[in-house]
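**Student:** show me the folded form of this:
(chains A and B)
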Amino acid sequence: MTMTEEDILQDIVTRGVANIYPSKGFVEAKIRRGEKLTIYLGIDPTGPTLHLGNAIPMKKLADFQKAGHKVILLMGDFTAMIGDPTDKSSARVQLTHKQVLANLKNYKKQASKLLSFSGRNKAEIKFNSKWLGKMNFADVLSLASQMTVQQMLERDMFERRIEEGKPIFIHEFMYPLMQGYDSVAMNVDGEVGGNDQTFNMLCGRDLLKSMKNKEKFVLTLKLLEDSTGKKMGKTEGNMVALSDTPEEMYGKVMSWSDGMIIPGFELCTNVPLSEILEISKSLESNSVNPRDIKMKLARTLVALYHTEAKAQSAEENFISTFQKHEIPSDMIEIKIHEGDLLADVCVTHNVVKSKTEFNRFVENGAITDLQKNEKINDPKIRATKTEYKIGKTRFIRLV
RNA sequence: GCGUCGGUACUCAAGUGGUCAACGAGGGCAGACUGUAAAUCUGCUGACUUCGGUCUUCGGAAGUUCGAAUCUUCCCCGGCGCACCA
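**Tutor:** Below is the predicted model:
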């Protein structure tokens, strides 16, 4: 099935889209007119890995790239380097430029599954420290004079904090301005981002309008969450990292709630919308086992970030391990010495966080000797050359 | 600047001299049941331990006390009100 240009256009402006400002028609018209647009996505370069949540707007950016538009991946290194002083607890992880570059290298590798960094229309990477880092107080003031306090307070996060009597620091008003200024500095036509970034992106739209009289469009994407609004585990748990192994990725998808299946297909895969609609209908009519659909989703995702073959073997591994309860073929191998305590082995190899945690696992009956097929109930058991299952997902082989 | 209330573990939030590693809720983890789903039930949720205990933690520092998250002093940070308002 080949898509017509109109199909592609419709896909761009509807698939996974939460909102388009000023309007869907505005963007459609630009594209139909054959304008070559410059569109960007800002990302926060704080960690070494990208996750599926980052991948959603990135996919949209990739759609624009495929359609011939110029795309920019903007590293928000400036804010990452100064850190956010509001967050007192997290000891202000101030990134050095070196770290940012290291993260970028990882991102590029991970993002290259979606975006093209080579060829004629390659994705460009920019750093916002380049312009934000050069601004002096006068520049900042003139920027700040573009926006009113009332406009800032429209943001419901601020509204809520006022109601709750919680502090709002002046510099927090600067973050939307900084992000917004990126649009001005790069003089873009559009921006894509998660629905949670709407305020900041619109701030950039306002700035671009008032400073350059240019109408930037903002395309926001739905967040990956189920119908109850339960987001994909922000806290690692089941948040798929693009660098996850095929097995990890497959397993994490399988632990998603059913309500995530359709959003997952729509936001994270290239499965055509028409087919997704079919799937959705069959789920509603209970004519299929949601598990099987989820397996298809897991396979599709693994194939996207790894390969078809790896997806296949991840699935086989999943079936044999979790459905037939066979011992998985691939597991972490740890060399041991006779007489080592299993607890020590697990702690030193970061299988568990502490001995206390290990003891808890034992108390909960969460550690199984796979060869004898029995649960460990002695926390001081010595490590032997066998295989253990620790919790739901951890498998180790001692050699 | 003055007054007043407040700062407790991942988050919210009790506790206001010993029974406090700290109620409860959410989250997370694990077990049972399952489809590594949901719902439900149960347990766990600072670290070390010879499982008797030991050590570290309630914004920070010092102090009172046999004993402090709880009292005192100083400091840091915030909310609200008043004052100031070039």
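
**Student:** so what's A:A343 up against?
**Tutor:** Residues in contact with A:A343 (CB atoms under 8 Å, 6 or more residues apart in numbering) are A:352, A:355, A:358-359, A:379-380. C-betas here are computed from N, CA, C, even on glycine.

**Student:** does it sit in a helix or strand, and which one?
**Tutor:** Element membership for A:A343, per DSSP states H and E: helix A:342-348.

**Student:** only the buried residues of that helix, if you could.
**Tutor:** Neighbour counts over helix A:342-348 (16 or more other CB atoms under 10 Å) mark A:342-343, A:345-347 as buried.

**Student:** and the following helix or strand past it, what does it pack onto?
**Tutor:** Downstream of helix A:342-348, the first helix or strand assigned by DSSP H and E is helix A:355-363. Secondary-structure packing of helix A:355-363 (3 or more CB pairs under 8 Å, 6 or more residues apart in numbering; DSSP states H and E): helix A:342-348.

**Student:** only alpha carbons, please: show the helix it packs on as PDB.
**Tutor:** The C-alpha trace of helix A:342-348 is given here as PDB (Å, rounded to 0.1, in the frame of the first residue of the first chain):
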ATOM      1  CA  LEU A 342      24.600 -15.300  47.300                       C
ATOM      2  CA  ALA A 343      23.700 -12.000  48.900                       C
ATOM      3  CA  ASP A 344      27.200 -10.600  48.500                       C
ATOM      4  CA  VAL A 345      27.400 -11.700  44.900                       C
ATOM      5  CA  CYS A 346      24.100 -10.000  44.100                       C
ATOM      6  CA  VAL A 347      25.100  -6.800  45.800                       C
ATOM      7  CA  THR A 348      28.500  -6.500  44.200                       C
END
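
**Student:** wait, does it contact RNA strand B?
**Tutor:** Yes. Using CB under 7 Å from any atom of the strand, helix A:342-348 comes into contact with RNA strand B via A:V347.

**Student:** mind checking the pLDDT average for that helix?
**Tutor:** Helix A:342-348 shows an average pLDDT of 92 in the prediction.

**Student:** all strands for the stretch 101-250 of chain A, in order.
**Tutor:** Secondary structure of the stretch 101-250 of chain A (DSSP state E, counting those that start in this stretch): strands at A:124-127, A:190-194, A:217-221.

**Student:** helices and strands of chain A: which one bottoms out on pLDDT?
**Tutor:** helix A:77-82 (a mean of 79; mean pLDDT, DSSP states H and E).

**Student:** contacts for that helix?
**Tutor:** With CB under 8 Å, 6+ apart as the test, helix A:77-82 has contacts from A:44-46, A:94-97, A:100, A:127-129, A:132-133, A:175, A:178-179.

**Student:** the closest residue to RNA strand B within the stretch 201-350 of chain A in helix, strand or coil?
**Tutor:** Nearest residue of the stretch 201-350 of chain A to RNA strand B, counting by CB to the nearest atom of the strand: A:G251, 2.2 Å away. Classification of A:G251 using DSSP: H, G, I helix; E, B strand; the rest coil returns helix.

**Student:** starting at the chain centroid, how far to stretch A:108-118?
**Tutor:** Stretch A:108-118 sits 15 Å away from the centroid of its parent chain (CA atoms, centre = their mean, to the nearest Å).

**Student:** buried set for that stretch?
**Tutor:** The neighbour-count check on stretch A:108-118 (16+ other CB under 10 Å) flags A:110-111, A:114-115 as buried.

**Student:** out of those, who's nearest RNA strand B?
**Tutor:** The closest of those, once distances to RNA strand B are taken by CB to the nearest atom of the strand, is A:Q110, at 21.0 Å.

**Student:** please report phi then psi for the residue lying closest to that closest one once chain neighbours are set aside.
**Tutor:** Nearest residue to A:Q110 in three dimensions, chain neighbours excluded: A:L242, at 4.2 Å (CB to CB, 6 or more residues apart in numbering). With angles defined as degrees, to the nearest 10, A:L242 sits at phi -70, psi -20.

**Student:** contacting residues around A:L242?
**Tutor:** So A:L242 contacts A:49-52, A:54-55, A:110-111, A:113, A:305 (CB under 8 Å, 6+ apart).

**Student:** quick one: secondary structure of A:I279?
**Tutor:** Here A:I279 is recorded as helix under three-state DSSP.

**Student:** and it, how many neighbours?
**Tutor:** By the other CB atoms under 10 Å criterion, the neighbourhood of A:I279 contains 17 residues.

**Student:** tell me, how many neighbours does the nearest residue to it once chain neighbours are set aside end up with?
**Tutor:** Distances taken as CB to CB, 6+ apart place A:I293 nearest to A:I279, at 6.0 Å, with adjacent residues excluded. As a burial measure, A:I293 scores 19 neighbours (other CB under 10 Å).

**Student:** what helix or strand is A:I293 located in?
**Tutor:** Assigned by DSSP H and E, A:I293 belongs to helix A:290-305.

**Student:** buried residues, stretch A:354-365. List them.
**Tutor:** Buried residues in stretch A:354-365, counted by 16+ other CB under 10 Å: A:358, A:361-362.

**Student:** again, but for stretch A:43-56
**Tutor:** Across stretch A:43-56, burial judged by 16+ other CB under 10 Å covers A:43, A:45, A:50-56.

**Student:** follow-up on the earlier one: by neighbours, which of the contacts of helix A:77-82 wins?
**Tutor:** Counting neighbours by other CB under 10 Å, the top entry in the contacts of helix A:77-82 is A:Q179, with 25 neighbours.

**Student:** wait, it touches A:C203, no?
**Tutor:** Yes. Here A:Q179 reaches A:C203: they are 6.8 Å apart, a contact under CB atoms under 8 Å.

**Student:** which residue ranges make up each domain of chain A?
**Tutor:** Per the record's domain assignment (automatic domain parsing), chain A is made up of the domains A:5-221, A:246-325, A:332-398.
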